[in-house]
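Colleague: need coordinates for the following:
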Amino acid sequence: MTDAITIKKLTYAYPDQEALFKDFNLSVAVGEWLAIVGHNGSGKSTLAKLILGLLDFDEGQVTVFGQVLSEQSLSAIRRQVGMVFQNPDNQFVGATVADDVAFGLENHQLPSIEMPAKIERALKQVGMADFADREPHTLSGGQKQRVAMASVLALEPKVIILDEATAMLDPEGKQALLQNLKELKARYQDELTLIMITHDMEEAAMADRVAVIDDGRLVFDEKPETLFLKGDRLRALGLAQPFAMDLQKSLGIMNPSYLTTQELATWLSTLKA
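Modeller: From the prediction side, this is the model:
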């Protein structure tokens, strides 16, 4: 399978600190949904910034769709990779929702006659078309994050990186954004690669594959249903298991396979009292 992103022997250290990443390797396949998890300070967000060229690594190589990240290729690579940050307020620059979505298109020098259709389409994709004329500060946290997502989608990137995008949302806003991600991935399938940076294992369970990072080291890299059976080892890394796994442990009964919450409910209903 072709790689969307390939990281080889990456080494990076913040000024006057020991190396956070040293000879770090990771690849993301085209069309894959990858979750990158780890405790706070493990290097997840730093890795995203290195991929986007927001930070300069010391050694190694980052390749995006076969193009090596460099000063010369940076602009072209950023056209293919969009990022949604933890705090949506940090991404707002427009007076209205529509203005905000238009900002990125203007930076890409899209002809103004083409903008309205792209803005409308992006807002429809995240269920925010009716809010085009609203001022961003009047929106809820979940709505703001969906507008931030629309701003990225309008640019039609091949890769979207979400850096703790649900961390500041209430449960309702979080659920709405995650449902939106599911729908986008179902709609675009192999055309869209998602990288979700999170410490929430329930979110990680949605991914095709989970990479666990601990202080710049890649500890695990496998499918969720395999990873979540490593309960004690995950807890030692400061990570909780998904609710369904913790519930089974509390009940004193464990299915040998990983089950989602819905699958667990179905399985429990088949057990005899």
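Colleague: how close does His39 sit to Leu178?
Modeller: The spacing between His39 and Leu178, counted by Cβ to Cβ, to the nearest Å, is 21 Å. Quick note: C-beta positions are derived from backbone N, CA and C, even for glycine.
Colleague: the two: which is more packed in?
Modeller: Here His39 and Leu178 are set side by side on neighbour count (other Cβ atoms under 10 Å), and the busier one is Leu178, at 18 against 15.
Colleague: now the more buried one: phi and psi?
Modeller: With angles defined as degrees, to the nearest 10, Leu178 sits at phi -70, psi -40.
Colleague: which residues touch Trp33?
Modeller: Lys185, Thr193, Leu194, Met196, Met206, Ala207, Asp208, Arg209 (Cβ atoms under 8 Å, 6 or more residues apart in numbering).
Colleague: repeat that with 7 Å
Modeller: When contacts are counted by Cβ atoms under 7 Å, 6 or more residues apart in numbering, Trp33 is found next to Lys185, Leu194, Ala207, Asp208.
Colleague: can you check Phe103 too?
Modeller: By Cβ under 7 Å, 6+ apart, the contact list for Phe103 reads Val93, Gly94.
Colleague: what's the burial count for Gly66?
Modeller: Using other Cβ under 10 Å as the criterion, Gly66 is surrounded by 9 other residues.
Colleague: please report how far it lies from Asp208.
Modeller: In this view, Gly66 and Asp208 are 21 Å apart by Cβ to Cβ.
Colleague: next one: Leu162
Modeller: Counting by Cβ to Cβ, the separation of Leu162 from Asp208 is 15 Å.
Colleague: same thing with Pro136?
Modeller: Remark: distance between Pro136 and Asp208 (Cβ to Cβ) = 33 Å.
Colleague: compare those two (neighbour count), which wins?
Modeller: The neighbour comparison of Pro136 against Asp208 (other Cβ under 10 Å) goes to Pro136, with 21 against 15.
Colleague: output the below-cut-off pLDDT ranges for the stretch 1-150 of the chain.
Modeller: 1 (pLDDT under 70).
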